[in-house]
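K.L.:
Take a look and give me a structure for this.
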Amino acid sequence: MKVPLLVALGLAVPSVIAQQPGSFVVAGDTLVSAMMMFVGGSDKVYIIDKVEGNAHQINGHSLYASVWDLTSRTATPMDVQTNPFCAAGMHLPNGSYATFGGNYAVGPGGDNHTPGSTNQFDPTYEDYSGMRAIRVISPCEGDIDSPQCSWYDSPQGLQMARARWYPGAEPLADGTIVLIGGFNGGGYINRNYPNTDPAYEGGAAEPTFEFFPSRSQAPQVMNFMVKTSGLNSFALTYLMPSGKMFVQANYSTILWDYNTNTETPLPDMPGQITRVYPASGANAMLPLTPANNYTPTIIFCGGQHLEDEQWGNYAYPFIDTWTIPASADCQRITPEPQDGSTPVYIQDDDLPVGRTMGQFVALPDGTLLVLNGGQYGTAGYAQRTQTTTTLGAMPYGESLATGPVGQPAIYNPNAPAGSRWSTAGLGSSSIPRLYHSSALLLPDGSVMIAGSNPNVDVNLTTIYPTTYTAEYFYPPYFSASTRPVPQNIPTTLSYGGNSFDITVPSASYSGAGNAAATNTSVWLIRQGFTTHAMNMGQRIMQLNNTFTVHDDGTITLHTAQLPPLPALFQPGPAFLFVTINGIPSNGTYVIVGNGKVGPQSTAPASVLPPSVLSAAQSNGSSNGTNNGTGNNNAALNHSGNIIVQLLAAAVAFALS
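P.N.:
The predicted structure is shown next:
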């Protein structure tokens, strides 16, 4: 069953969706409330929901997965068997995606109160427990109902060693995925109050970590998960050049060696602001570029600060969270400074508006978009608090947040402090995007926004209802009448090795060739797996390049492979964009690395020829709109020195 976009909304189907810069456009009905999404291959977005009473059915039960076709703009149902509610997800080196964990089987009302329902199987929704489930899909062009194109998901299938609901996940340099912590029960935060058992909380918390594919060792306790007990759902994780992992939860921060299970404390989050769920601050790694020597810096914005007892317990918060303004604070940290200095949090520009459940999306002009979320409260839902003891007295239904923020903002990491945020020319969405909303960069450079469902089960009449309507947001670079059309982009990229040439025809950019070439950048973006106001695995890297401008205006971009350090950009799927004068091309789907879990081949850093300007092409100002952060790439042919410094720093950290 395919549902044309807008038909389910009773609206006419336009032949072309308007692409006004800074605008939101209704895209259509995703069939399920899009709690989780990821781009699979070059033309599909895979969508997963929690198990609940959706009107759409599949194989005799309510639907909780679909796939959105970017070309036809249609949604098609997909079947999964285990409950994926609040699972983690991550790419695999061959372009497949896996999701990990989820909730027990549930029926109407989100529990097992109906006859015959157990936490292992519910006969109404026909879902099985997803607590240990591993679901895998290999996006493909064939019939999605065929075995090779559908979800591999079975209650007797792939299993984790431990049950994990809200686990953290991060890929390693060889494509292995580390799975961290999670719940075994509860739902709001994973602890009781008072917190008398910070490790296990009577068996409902899971403080261990494990690997996928599995290593030959039992899951080990991670001390950091004990220290951060209660506020470590979906722990925020970023692999570093040294191979160690940056981990943040509650208001604590560490560098973690997962091979030896040793932790190096880093500074606490200033102001003890919580960024993990349910505070749900926006977080992202800033673009890795030749200009910053591919040094990772992490940014955190928004979230929430409550006193310890106010967070409550597994069931609900102890205060009326919707009365508490979300934080506007932003902090940066460089976990492994190349000068050997001590890592510190650095105050950054505040958000224009405080947000909980705000989400960063990396754009192919080197900026970051933040959108979705609310100005008050936290993520999650409940039917009471310790203060408001009945659902009927809850002013926003089951939602623990209010004040939806409809207008996005754009963050330029290279702008001077005090001027990094902009909302100029950006419209607002009228659709509240609160708990269980999601956002994802699409291959054409637009952003798909979907979801929002702060309800235990489908509710179409409450103030913040279950939302099936998706939107597209068009960033300011859609103001360009001409966009680059790069040619000869390879389908696979390597870690070091021979450079490759990209051809940009003169008709696909505005202005003079010399000016355009000197303001061109090549971006590699992995959008990640979006859930709970974050994109797990999202990274953006600028590939080093020089150029030759030909007399007819054609530009040849001599483009380096990735730096020969897989920890910087782990193997797997990504999209390559060419951006000229701040205007990106459509993204080209590529696979980074050898497509397998295991050691990745590396070679010396690519050596690029010097840039060559054309005598026939004026080097005057371009007529294109420059909304980006383009660089003079003639000055960037220094990747060899960069990689020498980078590898030296990585070795130093690995030995520390």
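K.L.:
going forward, measure contacts between C-alpha atoms and count neighbours the same way
P.N.:
OK.
K.L.:
Please enumerate the helices of this protein.
P.N.:
Ranges of helices within the chain are 223-227, 513-518, 639-655, based on DSSP state H.
K.L.:
Can you flag the weakest of the ones you listed by average pLDDT?
P.N.:
The stretch with the lowest mean pLDDT among the helices of the chain is helix 639-655, at a mean of 39.
K.L.:
where along the stretch 551-656 of the chain do the strands fall?
P.N.:
555-559, 572-580, 583-584, 588-592 (DSSP state E, counting those that start in this stretch).
K.L.:
First-to-last residue distance for stretch 123-142?
P.N.:
31 Å (Cα to Cα, to the nearest Å).
K.L.:
chain center to it, what's the gap?
P.N.:
Centroid separation between stretch 123-142 and its chain, computed with Cα atoms, centre = their mean, to the nearest Å, is 21 Å.
K.L.:
same question, stretch 464-473
P.N.:
Centroid separation for stretch 464-473 versus its chain: 18 Å, with Cα atoms, centre = their mean.
K.L.:
what's in contact with that stretch?
P.N.:
Stretch 464-473 has contacts (Cα atoms under 8 Å, 6 or more residues apart in numbering) with 22-34, 396-397, 399, 432, 446-455, 458-460.
K.L.:
from those residues, which would you call buried?
P.N.:
Buried residues within these, counting neighbours by 16 or more other Cα atoms under 10 Å: 22-34, 396-397, 399, 432, 446-455, 458-459.
K.L.:
Ok, which of the strands of the stretch 551-656 of the chain comes nearest residue 224?
P.N.:
strand 572-580 (28.4 Å; Cα to Cα).
K.L.:
same for the closest one, what does it pack against?
P.N.:
Here strand 572-580 touches strand 520-526, strand 588-592, going by 3 or more Cα pairs under 8 Å, 6 or more residues apart in numbering; DSSP states H and E.
K.L.:
could you redo those strands as TSV and give each row mean neighbour count, mean pLDDT and distance to residue 436?
P.N.:
Formatted as TSV, those follow (neighbours: other Cα atoms under 10 Å; pLDDT from 0 to 100; distance: least, Cα to Cα, whole Å):
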stretch	mean neighbour count	mean pLDDT	distance to residue 436
strand 520-526	27	98	21
strand 588-592	22	98	27
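K.L.:
Please convert these to JSON lines, extending it with distance to residue 562.
P.N.:
Below are these laid out as JSON lines (distance: least, Cα to Cα, whole Å):
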{"stretch": "strand 520-526", "distance to residue 562": "9"}
{"stretch": "strand 588-592", "distance to residue 562": "9"}
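K.L.:
between those strands, which one is nearest to residue 96?
P.N.:
Ranking those by their distance to residue 96 (criterion: Cα to Cα) puts strand 588-592 first, at 10.6 Å.
K.L.:
Tell me how many other residues crowd residue 202.
P.N.:
Using other Cα atoms under 10 Å, residue 202 is surrounded by 12 other residues.
K.L.:
Number the residues from 14 up from this point.
P.N.:
Understood, numbering begins at 14; the last thing we discussed is residue 215.
K.L.:
wait, residue 411 sits on residue 402?
P.N.:
No. Counting by Cα atoms under 8 Å, residue 402 is not a contact partner of residue 411; they are 11.9 Å apart.
K.L.:
more crowded one of the two?
P.N.:
A side-by-side neighbour count of residue 411 and residue 402, using other Cα under 10 Å, places residue 411 first with 22 against 11.
K.L.:
Strands - which of the buried ones among the contacts of stretch 477-486 land there?
P.N.:
Among the buried ones among the contacts of stretch 477-486, DSSP state E puts 36-42, 409-410, 412, 460-464 in strands.
K.L.:
between these, which is closest to residue 186?
P.N.:
Nearest to residue 186 among those, with distances taken as Cα to Cα, is residue 460, at 27.9 Å.
K.L.:
isn't the closest one right next to residue 489, touching?
P.N.:
No. Judged on Cα under 8 Å, residue 460 makes no contact with residue 489 at a distance of 11.7 Å.
K.L.:
residues in contact with residue 112?
P.N.:
Per Cα under 8 Å, 6+ apart, neighbours of residue 112: 97, 100-103, 146-149.
K.L.:
Show me what it bridges to in the sheet.
P.N.:
residue 102, residue 148 (DSSP bridges).
K.L.:
Okay, it and residue 101: tell me how far apart.
P.N.:
According to Cα to Cα, residue 112 and residue 101 sit 6 Å apart.
K.L.:
Just grab the bridge partners of the most centrally placed residue in the chain for me.
P.N.:
In the chain, the C-alpha nearest the mean C-alpha coordinate belongs to residue 548, at 1.1 Å (Cα atoms, centre = their mean). Per DSSP bridges, the residues bridged to residue 548 are residue 543.
K.L.:
can you give me the end-to-end distance of stretch 64-71?
P.N.:
End-to-end for stretch 64-71, by Cα to Cα: 13 Å.
K.L.:
which residues are contacting that stretch?
P.N.:
44-45, 75-77, 90-92, 96-98, 119-121, 123, 138, 140, 470-471.
K.L.:
Just the buried positions in it, please.
P.N.:
Residues 64-67, 70 are the ones in stretch 64-71 that count as buried (16+ other Cα under 10 Å).
K.L.:
Adding distance to residue 296, write these out as TSV.
P.N.:
TSV is the format used below for the buried residues of stretch 64-71 (distance: Cα to Cα, whole Å):
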residue	distance to residue 296
64	27
65	29
66	32
67	31
70	35
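K.L.:
export the residues you listed to JSON lines and tack on distance to residue 615 and pLDDT?
P.N.:
Formatted as JSON lines, those follow (distance: Cα to Cα, whole Å; pLDDT from 0 to 100):
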{"residue": "64", "distance to residue 615": "43", "pLDDT": "97"}
{"residue": "65", "distance to residue 615": "46", "pLDDT": "96"}
{"residue": "66", "distance to residue 615": "49", "pLDDT": "96"}
{"residue": "67", "distance to residue 615": "48", "pLDDT": "96"}
{"residue": "70", "distance to residue 615": "48", "pLDDT": "95"}
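K.L.:
from these, which is closest to residue 538?
P.N.:
Using Cα to Cα, residue 64 is the member of these that sits closest to residue 538, with 30.9 Å.
K.L.:
Backbone dihedrals for the closest one, please?
P.N.:
Backbone torsions of residue 64, given as degrees, to the nearest 10, read phi -70, psi 120.
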